[in-house]
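Asks: When you get a sec, could you give me coordinates for this:
(chains A and B)
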Amino acid sequence: MESLMDGITLFLGIIIEAFPFLLLGSIVSACIALFVKAETLMKFIPKHPLGASVVVSLIGMLFPVCECGNVPVARRLIKKGIHPGVSMSFLLGAPILNPIVIITTVVAFPDTPIIWWGRILLGFFIAALVGYIFTFAPEDSILDSKFMKKHLGGCSHGSTCSHSHDHSHDDHGHNHNITCTRDVIDTVIAEFITMAGVIIIGAAVAAAMQAFFPRDIIVQLSQSPLLSILSMMLLAFVISICSTTDAFFALAYSHQFGTAAIIAFLVFGPMIDVKALLLMKTTYSTKILVYLVALVTLITIVATYMFDIFWA
Amino acid sequence: MMKRLTIAGLLATAGMYLAWLWYTGALNFYILPRFGGIVLATGIIFMGLAAALLFWKKGWHNIEHHVPTTSLLPFVLLLACIFFVAPQSLSSVSLEQRGADLDLSNVKVTATKGFIRDSSKRTFSDWVNILGSSHNPRKYEDDAVRVKGFVYRTENMPEDEFYAARFLVRCCSADASPIVLRVKYANAAELQNDTWVDITGVIAHDQNPEQPVYIDMQSYDIIDMPKIPYIY
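Replies: Below is the predicted model:
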């Protein structure tokens, strides 16, 4: 019973912390939807898939959205005509490369620049590379069929129609005024409610895992550098905490775990965790999410393990 | 129309709940106090959005056509927690789940600014920082201590020992990490877990390999949980 009560406190803690960021992400998404023309956006995105992945992963530096708020923005980018694979660069990059996260990481580890540089560079590398890899996949296979049907009219950009599907109102020639308050509110609420439903489930799963799965067991796995990296990644996946504060959390483990394991925690957690995966499922297909998790996991392990061998 | 009204009801409830948590101070059980303003602002925005949904009856294209009805179902879980569970802080069960790290050397907590000469006025956080950062914590031996924490005892502990515990929170309750100070008291076994105590004693040390410095408790008062139960 006490575990259940603590589980509810954890659940509400995650929800209360996530809702402001989710609302912010929904507002950013609505602003892009209503005030940014697809053509204007595409002007800044290189045509080459690699260039596009690099640029889009860096867009995260402009938005203070963590992993709760980035999915609404990524969905909006897809609706504006960006390749779904490239949108993953934003999805993976934004929670690490946004200014708040960079500042909190520097504040948490002021004497260990290798940790914040490691986080920024590895985060950027994974975001750009994984996004680029997914540009080779057919768009239909990347996106969730329900999302495609509902928001893209059932067609991907490269197949049956090539225009963008999300239009600022004047793009479409509708008689709506794009600055209309109601349009903004309508878009914000629709985006927020859709995502909030998912985040509630994600928070419940994450809270249950925390309440009933002893954290100590994960930490005790730190027998070797490789196991340390794996256990910190597993911890990041289970606890699902916000990337804007996870550096302070990692600080508490920095005497038990090596630098490589801490970097793995700080890079992997914001990209892949329980609630983030559920949020992504609203937009991307299950198959592609399995590949995504496998790729991010593999690159994080290889990169941090190499770091441990050759540097740390 | 039903969807519009349902969403208005959900937003209004969530908004009022956040504002109520902020007003009563119960928000401190879930999130860092400095995020209170952001949470309150979110609650007010929710209420504003709900009011807009009720005020304008038409023109909600995205809400009516793009919000799946199934995405409203998880809110039942949230509403159940809001209406049927009283706000409460984490307990010793979470401490047990997470494991208490006795090494204070790597813990940084927000403590009182400046060095407090009168050792009995140092808070739990002050002592965590002092003992954790000092190369020779034994120099504080015999310093008077007065700290507040909740009792945590395991069956394996000696009968004259318990931990005075607090949760260190960086953002929300999900990232809480237990911080403990070892306390010696002849009748420690009579203290129940999760009881909040105001401890008076002195700093002492023994050969314990994990936390050689401990509080030799001379007296204690059972107190209510502090308004801000966590440390930051």
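Asks: residues near A:Gln256, how many?
Replies: Neighbour count for A:Gln256, taken as other C-beta atoms under 10 Å in any protein chain shown: 17. For glycine as for every other residue, the C-beta is placed from the backbone atoms N, C-alpha and C.
Asks: Give me the pLDDT for it.
Replies: Per-residue pLDDT puts A:Gln256 at 72.
Asks: That one and A:Leu235: what is the separation?
Replies: From A:Gln256 over to A:Leu235 the distance is 11 Å, taken as C-beta to C-beta, to the nearest Å.
Asks: before we move on, what about B:Asp143?
Replies: Distance from B:Asp143 to A:Leu235, by C-beta to C-beta: 36 Å.
Asks: how about the strands of chain B, start to end?
Replies: B:144-152, B:161-168, B:177-184, B:196-205, B:213-222 (DSSP state E).
Asks: how far is the third one from where the chain is centred?
Replies: With C-alpha atoms, centre = their mean, to the nearest Å as the basis, the distance from the averaged C-alpha position of strand B:177-184 to the chain average is 15 Å.
Asks: Kindly calculate the angle that it makes with strand B:196-205.
Replies: Per axes from the mean of the first three to the mean of the last three C-alpha atoms, to 10 degrees, the angle that strand B:177-184 makes with strand B:196-205 is 70 degrees.
Asks: Kindly report the same for the first one.
Replies: Using the same axes, to 10 degrees, one finds that strand B:144-152 and strand B:196-205 are set 120 degrees apart in direction.
Asks: Which residues belonging to strand B:144-152 are considered buried?
Replies: B:Val145, B:Arg146, B:Val147, B:Lys148, B:Gly149, B:Phe150, B:Val151, B:Tyr152 (16 or more other C-beta atoms under 10 Å in any protein chain shown).
Asks: can I get these in TSV with distance to chain A and pLDDT?
Replies: Listed next are these as TSV, based on distance: C-beta to the nearest C-beta, whole Å; pLDDT from 0 to 100:
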residue	distance to chain A	pLDDT
B:Val145	23	92
B:Arg146	26	94
B:Val147	20	93
B:Lys148	20	94
B:Gly149	17	94
B:Phe150	13	95
B:Val151	14	95
B:Tyr152	13	94
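Asks: Show me which pair in those is furthest apart.
Replies: Spanning the widest gap among the buried residues of strand B:144-152 are B:Arg146 and B:Tyr152, at 18.8 Å by C-beta to C-beta.
Asks: wait, A:Leu77 sits on A:Gly85?
Replies: No: in this structure, A:Leu77 is not within contact of A:Gly85 by C-beta atoms under 8 Å, at 11.4 Å.
Asks: residue contacts, B:Thr24?
Replies: B:Pro87 (C-beta atoms under 8 Å, 6 or more residues apart in numbering or on different chains).
Asks: for the chain, what are the low-confidence residue spans?
Replies: Using chain A. A:38, A:64-65, A:151-179, A:215-216, A:218-219, A:221-223, A:252, A:255, A:312 (pLDDT under 70).
Asks: oops, chain B please
Replies: Looking at chain B by pLDDT under 70, you get an empty list.
Asks: Enumerate the positions of stretch A:126-136 that are buried.
Replies: Of the residues in stretch A:126-136, those buried (16+ other C-beta under 10 Å) are A:Ile126, A:Ala127, A:Ala128, A:Leu129, A:Val130, A:Gly131, A:Tyr132, A:Ile133, A:Phe134, A:Thr135.
Asks: Could you pick out the longest helix of the chain?
Replies: Since you didn't name a chain, this refers to chain A. helix A:2-35 (DSSP state H).
Asks: Correction: the question concerned chain B.
Replies: Assigned via DSSP H, chain B shows its longest helix as helix B:2-24.
Asks: centre of the chain versus that helix, how much separation?
Replies: Remark: helix B:2-24 is offset 24 Å from the chain centroid, using C-alpha atoms, centre = their mean.
Asks: Next, count neighbours for B:Leu181.
Replies: With other C-beta under 10 Å as criterion, B:Leu181 counts 24.
Asks: List the contacts of it.
Replies: B:Phe124, B:Trp127, B:Val128, B:Leu131, B:Val147, B:Gly149, B:Tyr163, B:Ala164, B:Ala165, B:Gln211, B:Tyr214, B:Ile215 are the contacts of B:Leu181 under C-beta under 8 Å, 6+ apart.
Asks: Can I get the residues you listed in a markdown table including distance to A:Arg119?
Replies: Shown next, in a markdown table, are the contacts of B:Leu181 (distance: C-beta to C-beta, whole Å):
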| residue | distance to A:Arg119 |
| --- | --- |
| B:Phe124 | 31 |
| B:Trp127 | 32 |
| B:Val128 | 27 |
| B:Leu131 | 30 |
| B:Val147 | 35 |
| B:Gly149 | 34 |
| B:Tyr163 | 33 |
| B:Ala164 | 35 |
| B:Ala165 | 31 |
| B:Gln211 | 31 |
| B:Tyr214 | 37 |
| B:Ile215 | 38 |
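Asks: Nearest to A:Ile102 among the residues you listed?
Replies: B:Val128 (27.6 Å).
Asks: does that closest one really touch B:Ile179, like I thought?
Replies: Yes: between B:Val128 and B:Ile179 there is a contact under C-beta under 8 Å: 5.8 Å.
Asks: shared neighbours of those two, which are they?
Replies: With C-beta under 8 Å, 6+ apart, B:Val128 and B:Ile179 have common neighbours B:Leu104, B:Val107, B:Val109, B:Ile231.
Asks: Please, a ChimeraX command that selects the buried ones among these?
Replies: Command for ChimeraX that selects the buried part of those, burial taken from 16+ other C-beta under 10 Å:
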select /B:104,107,109,231
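Asks: Tell me who's in contact with the residue nearest the centre of chain B.
Replies: In chain B, the C-alpha closest to the average C-alpha coordinate belongs to B:Tyr230, at a distance of 3.3 Å (C-alpha atoms, centre = their mean). Neighbour list for B:Tyr230: B:Asn28, B:Ser89, B:Arg166, B:Phe167, B:Leu168, B:Val169, B:Ser173, B:Ala176 [criterion: C-beta under 8 Å, 6+ apart].
Asks: What separation do you get for it and chain A?
Replies: Separation of B:Tyr230 from chain A (C-beta to the nearest C-beta, to the nearest Å): 10 Å.
Asks: My guess is A:Ser57 contacts A:Ile96. True?
Replies: No: the pair A:Ser57 / A:Ile96 is not scored as a contact, 9.3 Å apart, by C-beta under 8 Å.
Asks: Touching both of these two, which residues are there?
Replies: A:Phe124, A:Ala127.
Asks: The closest residue to A:Thr194 other than its chain neighbours: how many residues sit nearby?
Replies: Excluding its sequence neighbours, the residue lying closest to A:Thr194 (C-beta to C-beta, 6 or more residues apart in numbering or on different chains) is B:Ser71, at 5.0 Å. Each residue near B:Ser71 was counted by other C-beta under 10 Å, and the total is 19.
Asks: Verify the contact between B:Ser71 and A:Val198 for me.
Replies: Yes: with contacts counted by C-beta under 8 Å, B:Ser71 reaches A:Val198, the gap being 7.1 Å.
Asks: which residue sits closest to B:Gln97, ignoring its sequence neighbours?
Replies: Using C-beta to C-beta, 6+ apart, the nearest residue to B:Gln97 is A:Pro214, at 5.0 Å.
Asks: what residues are up against that neighbour?
Replies: With C-beta under 8 Å, 6+ apart, A:Pro214 has these contacts: B:Glu96, B:Gln97, B:Arg98, B:Gly99.
Asks: How about A:Gly123?
Replies: Going by C-beta under 8 Å, 6+ apart, A:Gly123 touches A:Leu92, A:Gly93, A:Ile96, A:Leu97, A:Val267, A:Pro270, A:Met271.
Asks: Kindly reformat these as a markdown table containing neighbour count.
Replies: Output for these, formatted as a markdown table (neighbours: other C-beta atoms under 10 Å in any protein chain shown):
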| residue | neighbour count |
| --- | --- |
| A:Leu92 | 33 |
| A:Gly93 | 29 |
| A:Ile96 | 29 |
| A:Leu97 | 24 |
| A:Val267 | 30 |
| A:Pro270 | 28 |
| A:Met271 | 29 |
